[in-house]
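A.B. asks: below are the sequence and a predicted model; questions follow.
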Amino acid sequence: MMPKKILTVDDSKTMRDMLLATLRRAGYEVIQAEHGEDGLAKLEANGADVIITDINMPVMDGISFIKACRKRQAYAATPILTLTTESSEEKKAEGRAAGATGWIVKPFNPEKLLRVVEKVCP
C-alpha cells in the first residue's frame, strides 16, 4: 500500500523539520513548502492526501492558500489542517470560512497531531 502524502506549508524550517520527523516516523510521505505559493506549486506537482499549513507566512498567507486550494476541484475536499500560533476565535472563524478542516495551535504535541491526521485521513 502506498503511504499517504502530506503537504506541509510553513515558513519556519524548524517547524517543517519537526513535522517531517513526526510524520515520516508514522509512515507518511511528506512534501514541504515554504509559503502558500510554493505550496500550490508543490500540490500541483505532487498531489496530497492531507495538507497542514501555517497561517502567518510571507508571499501568500495560510488563509489565502486554503481558499486557493478549495477553488481547485481536485482539492475541494482534501483535509486541510492549520498549524499556527494563532488561537483567537476570529482567526479560527476566518480559517473555517476559508475551508480549513481543523485547527492545531503551536507548539504541537506529536501524538495529538498524528491522531488528528489519522482522523481526517483514515
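C.D. replies: Alright, I've got the coordinates. Numbers count the residues shown, from 1 in each chain.
A.B. asks: where exactly do the helices run in the chain?
C.D. replies: Using DSSP state H, the helices of the chain run over residues 13-25, 36-46, 62-71, 89-98, 110-120.
A.B. asks: and of those helices, who's closest to Lys4?
C.D. replies: Taking C-beta to C-beta, helix 110-120 is the member of the helices of the chain nearest to Lys4, at 8.3 Å. C-betas here are computed from N, CA, C, even on glycine.
A.B. asks: check which helices and strands the closest one sits against.
C.D. replies: Using 3 or more C-beta pairs under 8 Å, 6 or more residues apart in numbering; DSSP states H and E, the elements in contact with helix 110-120 are helix 13-25, strand 50-53, strand 80-84, strand 102-105.
A.B. asks: what about those, which gets the closest to Lys5?
C.D. replies: When the helices and strands packed on helix 110-120 are compared for distance to Lys5 using C-beta to C-beta, the nearest one is strand 50-53, at 7.7 Å.
A.B. asks: parallel or antiparallel, which strands does the closest one pair with?
C.D. replies: strand 5-9 (parallel), strand 80-84 (parallel) (DSSP bridges).
A.B. asks: quick revisit: single out the most deeply packed of the helices of the chain.
C.D. replies: helix 62-71 (a mean of 20; mean count of other C-beta atoms under 10 Å).
A.B. asks: got the contact list for that helix?
C.D. replies: With contact meaning C-beta atoms under 8 Å, 6 or more residues apart in numbering, helix 62-71 is reached by 9, 35-36, 39-40, 43, 51, 53-57, 60, 75-76, 78, 80, 82, 84, 94-95, 98-100.
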